[in-house]
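Novice: no sequence for this one, just the structure:
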C-alpha cells in the first residue's frame, strides 16, 4: 500500500500498543509505520516499541526523535522544552517515502472501519479529516476496546454538528492534526506545518487554511474514528511549555491567523532553499537531520529564545521545574 502512518508522541506512556493492536486487527500489518517520539533515544523505550511492533506484526519503518529544533530537545535554545507539534509533524513528512500519509495521535485506539475509511479517502483524493472521541476508563486489549465510559465533553465538536458516521465536505478549519489522510504533495506544497506556531500551537488550523488556499478540498469522515483516553492526557511526567504571547486579540494566535488571511499560503520554515521538499529528498539517502539554530528570537514578541520561559510556572499551568537545565 502506498501509504505511511505517522504516530507522534512526547508522552512517557503513549499506549502505543493500543494503536499497534488495533491496526493489526484491521489488517494493516503491511503498512509502513513511523513513530516520532520525543523519548525515542531512551534505550528501554526503543526496545519496548520494537518488541510491541514485532508482537503485533507491525511494519515499523522508523522510530526516531523529532528533528532538531530550537524549541525542545537537546538542540533547543530555550531554557525548557516547549510544545513543538509543527516540528514533529514536519519530521514525519520528511521521512515519509510514500505518496500518502496518515497521522494518528497517541493514547488512541483505532475503531472498527478506520482502515477502510482511510482506503476510501485515498481513492477519493484530497484531504480527509478523521474523527476522534475522548472517553473515560478506556481499557484496550490486543486492539479491542474491553471497557470505557462515555465522556460527553470528549465528543469531537465536528461530530456534534454533523452526527456520528457522517462523511461530508468541510473547510480547512476542520483540519485537526490528530487524525487525517493527505497526499504528501499537499503538505510539501505548503512547506509543511508552520513552525512559527511552535511554542504555542494552532499548527493544524493554520495548515488547514493554507491547504485550502492552495486549492485542496476537504472531507470530514467520522467513520475514520479513534478513541482516546481522557485521563492519560494529564499523566504525570514531562510537560511542555505552551504560551500565546500578547493579550487577545493582540496576541500571537491572532497574529498568525491574520498572516494567513492576508495571503500566507506557504509556511516560511527553516529548511534551506529547497524547503521541506528538499529536506525530504535528502532524508531519502540519510538518517541524519541537519542541526538548526534559527530562529534566535520568538517572532511575535521578539524575545530571545534563550530567555524563555521568562518565569517558572506551576505544573498545573504547563511546566515542571525538572524540565529546566
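Specialist: Noted; the coordinates are in hand. Since the structure is predicted, the reported quantities are computational estimates derived from the model, not experimental observations.
Novice: Could you pull out the strands in the chain for me?
Specialist: Assigned by DSSP state E, the chain shows strands spanning 3-9, 32-37, 59-64, 100-105, 108-110, 127-141, 144-149, 167-170, 179-183, 218-229, 246-247, 250-251.
Novice: looking at these, which is buried most?
Specialist: Neighbour counts (mean count of other CB atoms under 10 Å) averaged over each of the strands of the chain peak at strand 108-110, with a mean of 28. Any C-beta I mention is one placed from the backbone N, CA and C, and that applies to glycine too.
Novice: who touches that one?
Specialist: 15, 18-19, 21-23, 25-26, 104, 132, 138, 140, 143, 145, 178-179, 225-228 (CB atoms under 8 Å, 6 or more residues apart in numbering).
Novice: Adjacent strands (with direction) for that strand?
Specialist: Taking DSSP bridges as the criterion, strand 108-110 sits next to strand 218-229 (antiparallel) in its sheet.
Novice: Show me the shaky parts of this protein.
Specialist: Filtered on pLDDT under 70, the chain yields the residue ranges 312-325.
Novice: All the helices of it, residue numbers only.
Specialist: For the chain, helices defined by DSSP state H occupy the ranges 16-25, 43-56, 85-95, 114-124, 157-162, 184-189, 203-213, 252-261, 275-283.
Novice: can you redo those as CSV with mean neighbour count and distance to residue 306?
Specialist: Formatted as CSV, the helices of the chain follow (neighbours: other CB atoms under 10 Å; distance: least, CB to CB, whole Å):
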stretch, mean neighbour count, distance to residue 306
helix 16-25, 24, 34
helix 43-56, 14, 29
helix 85-95, 25, 18
helix 114-124, 18, 42
helix 157-162, 13, 38
helix 184-189, 19, 31
helix 203-213, 23, 23
helix 252-261, 16, 19
helix 275-283, 18, 25
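Novice: nearest to residue 297, of those helices?
Specialist: helix 252-261 (12.9 Å; CB to CB).
Novice: Run through who's touching the closest one.
Specialist: The contact list for helix 252-261 (CB under 8 Å, 6+ apart) reads 194, 196-197, 200-202, 205-206, 209-210, 213, 244-246, 248, 300-301.
Novice: so who does residue 247 touch?
Specialist: Counting by CB under 8 Å, 6+ apart, residue 247 makes contact with nothing.
Novice: if I look at it, how far off is residue 303?
Specialist: 15 Å (CB to CB, to the nearest Å).
Novice: Kindly report the same for residue 205.
Specialist: Here residue 205 is placed at a distance of 24 Å from residue 303 (CB to CB).
Novice: State the number of residues packed around residue 270.
Specialist: Residues near residue 270, counting by other CB atoms under 10 Å, number 15.
Novice: Give me the neighbour count for the residue nearest to it when sequence neighbours are not counted.
Specialist: Excluding its sequence neighbours, the residue lying closest to residue 270 (CB to CB, 6 or more residues apart in numbering) is residue 294, at 5.0 Å. Residues near residue 294, counting by other CB under 10 Å, number 9.
Novice: Residue 294 and residue 68 touch, don't they?
Specialist: No - Residue 294 is beyond contact range of residue 68, at 11.0 Å (criterion: CB atoms under 8 Å).
Novice: List the contacts of the closest residue in space to residue 126 that isn't next to it in sequence.
Specialist: Excluding the flanking residues, the one nearest residue 126 by CB to CB, 6+ apart is residue 217, at 4.1 Å. Counting by CB under 8 Å, 6+ apart, residue 217 touches 125, 126, 127, 169.
Novice: if you set the cut-off to 10 Å instead, what comes out?
Specialist: 124, 125, 126, 127, 128, 169, 170, 171, 172, 211 (CB atoms under 10 Å, 6 or more residues apart in numbering).
Novice: now residue 122
Specialist: Counting by CB under 10 Å, 6+ apart, residue 122 makes contact with 1, 2, 3, 99, 100, 102, 128, 181, 182, 183.
Novice: Next: residue 219.
Specialist: 120-121, 124-129, 166-170, 174, 181.
Novice: same thing with residue 146?
Specialist: Counting by CB under 10 Å, 6+ apart, residue 146 touches 138, 139, 140.
Novice: which strand residues sit across from the last one in the sheet?
Specialist: Residue 140 has these beta-bridge partners by DSSP bridges: residue 145.
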